[in-house]
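> quick one: sequence plus predicted model below, questions after.
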Amino acid sequence: MEEVLAYKSPDILADTPTHFCPGCHHGIVHKLLASCLEEAGLARRSICVAAIGCCAFIYNYVLVDSLEAPHGRAPAVATGVKRSHPDSFVFAYQGDGDLASIGLAEIMHAANRGERISVIYVNNTVYGMTGGQMAPTTMVGQKTTTTPGGRQAQTDGYPMQMAEIMAGLRGVRFAARVAVNNIKNLKKARKALFKAFEVQQQGIGLGFVEFLAACPTNWRMSPVEANARVAGDMIHCFPLGVFKDETPEER
Amino acid sequence: MSRIFVKGNEAIARGALDAGCRCYFGYPITPQNEIPEYMSRVLPGIGGQFVQAESEIAAVNMLLGAGACGVRAMTSSSSPGISLKQEAISYMAGSDLPGVIVNISRGGPGLGDIGPSQGDYFQAVKGGGHGDYRQLVLAPASVQEAYDLTMLAFELAFAYRNPVMVLGDAIIGQMMEPISQREPVHPDPDESGSWRLEGSGERKPRVIKSLRLAEGSLGDHNLHLQEKYEKARRECRHEEFLTQDAELVVVAFGSIGRIVKSTIRRLRQEGYRVGLLRPVSLYPFPSSALQELAGQGRRFLTIEHNLGQMVEDVRLALCGQARCGVYGHLPGNLPTPDDFEEPIVKAMKERK
């Protein structure tokens, strides 16, 4: 009988168990990213800027040249990398606490300067690695270890919608919010990643992709329940879509 | 060698460019603004990159990124801004990354003033960031030395893969003097070839990081850092002036060392046997030179533009072999050679 290769894992995705909890979406995003980098022919000239949090270990799984940035500073580090080595393909991979809280100045200004970098932003509405505290993206009413009664808008403010904020900056040429909770969304996410890569490749500006991600452990949910929350509350609070697309074919 | 007449800040910028610096990242703060201004004029025309960052924090993280690509890069600031850079300096030290940081320091604590001060000695020399690390520190006393030591800072940063600080003050930064400019250095393109990030190409991917969770790995790394610092002791530099027959050796660094030198010249004419030891590298500290003088029975007085910081390292070096008094000059004004006459004479008369 003839053997047909039905599935092949990306070469740059490490063949190893991850440290991620069951049901966590980081692993799916890692794999998607690895396969897109490979397909776009970018893996061997990529430099990944890893952030602080659960995703800090991306360099153990997505096997490209990688650099660790201090908490929140990945877009500034990526700026230094891209400016000093413009031929490389540079992406930052950050969580919501890292990017939307402590690193807000760095992402806003890298975006505003239109740095030729791609930013992959994974929003799971909590500080995952530290045990599930409130993040700038925690939804109103959502319980976390520092909002035991649920986030209250009056005292804790509102969840920050980074993809929309990014789309409002002129240096950003592509901004989208995607999810990986089902195959349909995964396919859209794939498209968005390629677009974000493209604006860097074209040298026209920053590409930004926000991934909605489940964190079953810190949400105190089973993986299935967490996936359902992404599809329900989360997409309701953070609508999916392309908020800006200035790739040449769309202009 | 061309002779030019420039401010200390411009000399630092020129020294950096002549050392092969091709990326500069900074944020405005007095009294160092001539450095970014000069860089913004010159760098784009020679294929370099100038970025005015959104903050000192972002600027030093850009330096970290450029350093990881093996590119000679620099950031500069003044005291409050240098405080903001400490986090990334610690990460750079922990990741074995080269980079040059210039501190044209001003009076503190807090916002302080914009006048000369040496209040940042502890921060520079003891490490203002977290963790068991050191940065090499060079302290110029003239505009020429500001130029020369900036060039040296790049050599050391790449030789040791470590952050190096040039510590000046408002006097050095703002003073104009003639300097001799050297032939520009063309760094070996392979100087970082064995470790820098550039896209993996056909080799195995590299990871540059300071996180070391595996059992024993952080300890091993800290030992590696200590070995590096031990090797760096050979970079110790100092200047001695009329110490040979001196009863009292004044220890002073940077601009204050220069001013004290004038005081000593005058006191010598009056018959006082006084000399100067000026540490040029503050880390590594010229301890053995001090010990040697102590062994010859000299007495010591530390003069600095703060209320007593470097004196702790002097006393540590002397280790009880000799006593060392301290005269601290307050920030907020420009000291003159006259200001140091009385404390030196007093120290000479204290005990014969």
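All right, it came through fine. Numbering: from 1, shown residues only, chains lettered A, B, ... in the order given.

> for the helix or strand where B:Thr263 lies, list every residue counted as buried.
If you go by DSSP states H and E, B:Thr263 is part of helix B:254-269. Within helix B:254-269, the residues scored as buried using 16 or more other CB atoms under 10 Å in any protein chain shown are B:254-261, B:263-264, B:267. The C-beta positions use only the backbone N, C-alpha and C, and glycine is treated the same way.

> what do you get for stretch B:98-110?
Neighbour counts using 16+ other CB under 10 Å place B:98-108 of stretch B:98-110 among the buried residues.

> got the contact list for A:Pro239?
A:Arg177 (CB atoms under 8 Å, 6 or more residues apart in numbering or on different chains).

> same question, the one 3 residues further on
The contact partners of A:Val242, taken as CB under 8 Å, 6+ apart, are A:174-176, A:192, A:195.

> from these, which is closest to chain B?
A:Ala175 (19.3 Å; CB to the nearest CB).

> any stretches of chain B with poor pLDDT?
Applying pLDDT under 70 to chain B flags residues B:351-352.

> kindly report the domain assignment for it.
B:2-234, B:238-350 (automatic domain parsing).

> to A:Lys8, which of these lies closest?
domain B:2-234 (19.5 Å; CB to CB).

> mind checking how far the closest one is from the chain centre?
The chain centroid and the centroid of domain B:2-234 are separated by 9 Å under CA atoms, centre = their mean, to the nearest Å.

> other SSEs contacting the longest helix seen in chain A?
Secondary structure of chain A per DSSP state H: the longest helix is helix A:183-201. When contacts are defined as 3 or more CB pairs under 8 Å, 6 or more residues apart in numbering or on different chains; DSSP states H and E, helix A:183-201 sits against helix A:26-39, strand A:89-95, strand A:118-123, strand A:172-179, strand A:206-212, strand A:241-245.

> skipping adjacent residues, who's closest to A:Ala40 in space?
A:Phe197 (5.5 Å; CB to CB, 6 or more residues apart in numbering or on different chains).

> A:Cys215 now?
Using CB to CB, 6+ apart, the nearest residue to A:Cys215 is A:Asn124, at 4.0 Å.

> interface residues of the stretch 51-200 of chain A facing chain B?
Contact residues (CB under 8 Å from any CB of the partner chain) of the stretch 51-200 of chain A with chain B: A:56, A:59, A:63-70, A:73, A:76-85, A:87-89, A:105-106, A:108-109, A:113.

> so which of the residues you listed sit within helices?
Within these, residues falling in helices by DSSP H are A:59, A:76-84, A:105-106, A:108-109.

> which one of those residues sits closest to chain B?
Chain B lies nearest to A:Gly80 out of these, by CB to the nearest CB, at 2.5 Å.

> show me what contacts the residue of the stretch 51-200 of chain B found nearest chain A?
Distances between the stretch 51-200 of chain B and chain A by CB to the nearest CB are smallest at B:Gly65, namely 2.5 Å. By CB under 8 Å, 6+ apart, the contact set of B:Gly65 is A:49, A:67, A:69, A:76-84.

> please confirm that it is located within a strand.
No: under DSSP: H, G, I helix; E, B strand; the rest coil, B:Gly65 falls outside any strand and is assigned helix.

> and what about the residue nearest to B:Gly201 when sequence neighbours are not counted, helix, strand or coil?
Distances taken as CB to CB, 6+ apart put A:Arg44 closest to B:Gly201, at 5.3 Å, once the chain neighbours are dropped. Going by three-state DSSP, the secondary structure assigned to A:Arg44 is helix.

> cool, B:Leu197 as well?
Criterion first, three-state DSSP; result for B:Leu197: coil.

> next, it: phi, psi?
The phi/psi pair for B:Leu197 (degrees, to the nearest 10) reads phi -90, psi 140.
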